[in-house]
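Visitor: Could you look at this predicted model? Sequence included:
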Amino acid sequence: MMKYKSLFSSAAVRRPRLSVLPCLLLAAVLTFTLPFGALADGPGSGPQTAAPPAQAQQSAQAEALEIAAEGAILYDVTHNRFLYEKNADMHFYPASTTKLMTALLVAERCSFEETVTFSETAVSRLESGAVTLKVKAGDQFSVKDCMYGLLLKSANEIANGLAEHVGGSIEGFAGLMNQRAAALGCTNTHFVNPNGLNDPQHFTSPRDMALIARAAFENSTVRQIASTLTYSFPASKSVPSVRELTMGHKMLDPSRAEYYPGFVAGKTGFTSLAGNTLVTCVERDGVRLIVVILKSRQTHYADTKKLLDYGFAAAASLGTDGPVGGSANTAPGAPQGSPGAPGANGSYGNGQSAGTGLPGCQNTQSTAVGREAYPETEGTWKETGQGWQFLKKTGSYACGETLRNNGRVYGFGTDCYMLTGWYLVNGSWHYFDTNGSMAFGQWIETSGLWYYVDAAGSLFVDGTTPDGYRVDANGVWIK
């Protein structure tokens with residue numbers, strides 16, 4: 001039987017949030033009926049391994065960094081490892097960094113030549129003081145013009161117009177944003193609008209925004225626009241003069257003191273609740289880094305520079321020592337033995353970079369992968385002395401099944417309690433973190449060994465992971 005300590009839940013999102021949930025797996029192992037197998041032989045076998053000296057040294061240096069922002073993360077994209085974290089999984093308002101997801105979806109689903117017609121809703125559904133290009137209802141612009149207005153000017157009515165063009169409505173587009181975020185492995189993100197204006201239900205985390213930024217900047221269209229200094233936005237009936245748009249990210253401009261050589265792309269943001277937010281991607285000597293700063297008070301550029309300087313030094317020191325700092329929560333009391341499960345196919349859920357030659361906006365959902373392969377289920381979370389249970393809207397408890405609630409996938413044993421740790425699901429090993437959320441497309445550290453779960457959530461074995469690391473037949477990373 002599994003016992004849990006208390007977990008406070010969110011009033012905004014009725015599911016276990018990513019707060020600390022210590023758990024203890026007792027020596028007696030429960031046997032589950034399908035789709036769950038017995039927790040007998042799972043990842044976690046083999047000798048314990050200590051961190052290499054270079055990693056230990058860099059970890060100490062990272063802890064010594066003084067980052068003023070409330071949330072921050074440094075992501076080594078090239079080696080798929082997080083080199084620095086500060087409140088990396090906490091919820092923050094993203095402000096206009098939201099527009100990276102908006103731009104990614106538009107780039108993946110539209111061609112530059114399409115025409116966006118602005119509705120009254122698009123140009124009026126804004127908050128006081130929101131940045132705009134003074135677009136009026138009935139104005140028409142190409143997707144290309146709108147994309148530059150979105151990422152350079154950060155115009156909020158432009159985001160609304162693109163959202164309606166792709167998703168049919170702002171709400172419909174927000175649904176697509178959340179689907180895409182889930183497919184990228186985001187577990188602490190929920191979007192309700194395409195522009196990042198204040199809303200208590202609109203949030204992300206530094207880690208999730210790093211994953212979104214990685215996908216956005218892998219897209220050649222988004223990357224090109226998000227690294228452009230100036231653009232001439234065309235005249236319209238509402239504004240009969242051409243407007244020169246300038247990129248707001250100061251690290252792109254060589255004439256500014258904040259300029260950082262190797263800049264790939266980036267996005268700024270600010271609202272009264274979010275504070276200063278900043279996403280920056282820089283590449284040097286074949287190493288690409290992403291820094292996410294959330295909830296800053298005018299320290300966003302200084303914090304970013306500190307992390308970039310540290311990151312490139314760390315990358316040179318660590319080389320290709322493997323994933324560090326980016327693991328999911330270690331499973332307490334992980335079982336010993338080998339997985340003994342069939343290998344996964346190694347599929348990856350980030351998709352391919354899309355250019356501008358797509359045949360038109362694609363408003364239909366693609367084949368479900370990752371979290372989207374599980375049914376979204378409404379219900380209420382209930383905590384007992386034994387753990388967490390999920391009472392479905394139909395009136396029955398989730399038992400012996402997996403389901404998705406508010407974008408996360410959870411597993412439940414035949415005793416109807418939420419699972420944590422490694423479990424067999426339909427013949428493949430899956431990992432549920434200490435909050436019960438199934439892991440997708442990420443590295444997991446268990447008993448000092450590293451394992452990779454693919455975009456479907458299955459343990460990847462006997463092959464090379466998408467980020468270039470070899471794992472053996474038991475799924476253990478081969479150094």
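Guide: Now that the structure is in, tell me what you want to look at. Numbers count the residues shown, from 1 in each chain.
Visitor: CA atoms for contacts and neighbours, from now on please.
Guide: Noted.
Visitor: Check which residues of stretch 217-235 are buried.
Guide: By neighbour count on 16 or more other Cα atoms under 10 Å, the buried set for stretch 217-235 is 217-223, 225-228, 231, 233.
Visitor: Quick one: end-to-end length of stretch 392-401, please.
Guide: 12 Å (Cα to Cα, to the nearest Å).
Visitor: Likewise for stretch 216-235?
Guide: Its start and end residues considered, stretch 216-235 measures 28 Å (Cα to Cα).
Visitor: now swap in stretch 251-269 and tell me
Guide: 14 Å.
Visitor: and it, what's its mean pLDDT?
Guide: Per-region confidence: stretch 251-269 scores 95 on mean pLDDT.
Visitor: farthest pair in the buried residues of stretch 217-235?
Guide: Glu218 and Phe233 (24.9 Å; Cα to Cα).
Visitor: hang on, Trp422 is in a strand, isn't it?
Guide: Yes - under DSSP: H, G, I helix; E, B strand; the rest coil, Trp422 sits within a strand.
Visitor: Which residues does the helix or strand harbouring Ile212 contact?
Guide: For Ile212, the host element (DSSP states H and E) is helix 206-218. By Cα atoms under 8 Å, 6 or more residues apart in numbering, the residues outside helix 206-218 that reach it are 71-73, 75, 77, 87-90, 100-101, 103-104, 181, 184-189, 222-223, 264-265, 279, 281, 290-294, 350, 353.
Visitor: Okay, and which of the residues you listed map to strands?
Guide: Taking DSSP state E, the ones among the contacts of helix 206-218 that sit in strands are 71-73, 75, 264-265, 279, 281, 290-294.
Visitor: Go through those and name the one nearest Ala456.
Guide: After measuring the ones in strands among the contacts of helix 206-218 against Ala456 - Cα to Cα - the closest member comes out as Tyr75, at 22.5 Å.
Visitor: ok, now how distant is the closest residue to the closest one other than its chain neighbours from Gly161?
Guide: Excluding the flanking residues, the one nearest Tyr75 by Cα to Cα, 6 or more residues apart in numbering is Phe82, at 4.5 Å. Phe82 is 35 Å from Gly161, where distance means Cα to Cα.
Visitor: between these two, who's got more neighbours?
Guide: Gly161 (29 against 23; other Cα atoms under 10 Å).
Visitor: wait, what's in contact with that one?
Guide: Contacts of Gly161 (Cα under 8 Å, 6+ apart): Val116, Thr117, Phe118, Ser119, Ala122, Val123.
Visitor: can you rerun that using 7 Å?
Guide: Shown in contact with Gly161 (Cα atoms under 7 Å, 6 or more residues apart in numbering): Val116, Phe118, Ala122.
Visitor: Mind checking which of the residues you listed are in helices?
Guide: The helices, defined by DSSP state H, take in Ala122 from these.
Visitor: how about the contacts of Gly161 in CSV, adding pLDDT and neighbour count?
Guide: As requested, the contacts of Gly161 are exported to CSV (pLDDT from 0 to 100; neighbours: other Cα atoms under 10 Å):
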residue, pLDDT, neighbour count
Val116, 96, 22
Phe118, 96, 22
Ala122, 96, 23
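Visitor: quick revisit: how about the ones in strands among the contacts of helix 206-218 in a markdown table, adding distance to Cys399 and neighbour count?
Guide: Shown next, in a markdown table, are the ones in strands among the contacts of helix 206-218 (distance: Cα to Cα, whole Å; neighbours: other Cα atoms under 10 Å):
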| residue | distance to Cys399 | neighbour count |
| --- | --- | --- |
| Gly71 | 37 | 23 |
| Ala72 | 38 | 32 |
| Ile73 | 37 | 27 |
| Tyr75 | 37 | 29 |
| Val264 | 47 | 22 |
| Ala265 | 46 | 24 |
| Val279 | 41 | 28 |
| Cys281 | 44 | 26 |
| Ile290 | 40 | 29 |
| Val291 | 41 | 29 |
| Val292 | 39 | 30 |
| Ile293 | 40 | 33 |
| Leu294 | 38 | 32 |
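Visitor: where does the nearest residue to Val131 once chain neighbours are set aside land on pLDDT?
Guide: Leaving aside its sequence neighbours, Val131 sits nearest to Ala155 (Cα to Cα, 6+ apart; 5.3 Å). For Ala155, the pLDDT comes out at 96.
Visitor: And Ser338, by the same measure?
Guide: pLDDT recorded at Ser338 is 27.
Visitor: can you check Asp433 too?
Guide: 89.
Visitor: Near it, how many other residues are there?
Guide: Neighbours of Asp433 under the rule other Cα under 10 Å: 22.
Visitor: Please report the distance of it from Gln386.
Guide: Separation of Asp433 from Gln386 (Cα to Cα): 17 Å.
Visitor: Same question for Met418.
Guide: 10 Å.
Visitor: higher neighbour count, the two?
Guide: Remark: of Met418 and Gln386, Met418 carries more neighbours, 25 against 13, as counted by other Cα under 10 Å.
Visitor: got a list of what that one touches?
Guide: Met418 neighbours (Cα under 7 Å, 6+ apart): Trp388, Gln389, Tyr410, Gly411, Phe412, Gly436.
Visitor: So what pairs up with it in the strands?
Guide: Phe412 (DSSP bridges).
Visitor: ok, Thr394 - how many residues close by?
Guide: Count around Thr394 with other Cα under 10 Å applied: 9.
Visitor: Need the per-residue pLDDT for it.
Guide: For Thr394, the predicted pLDDT is 86.
Visitor: how near is it to Ser96?
Guide: As for Thr394, its distance to Ser96 is 38 Å (criterion: Cα to Cα).
Visitor: How about Phe191?
Guide: As judged by Cα to Cα, Phe191 and Ser96 stand 12 Å apart.
Visitor: The two: which is more packed in?
Guide: Under the criterion of other Cα under 10 Å, the comparison of Phe191 against Ser96 puts Ser96 first, with 30 against 25.
Visitor: so what's that one up against?
Guide: Applying Cα under 7 Å, 6+ apart, the residues near Ser96 are Ser154, Asn195, Gly196, Thr268, Gly269, Phe270.
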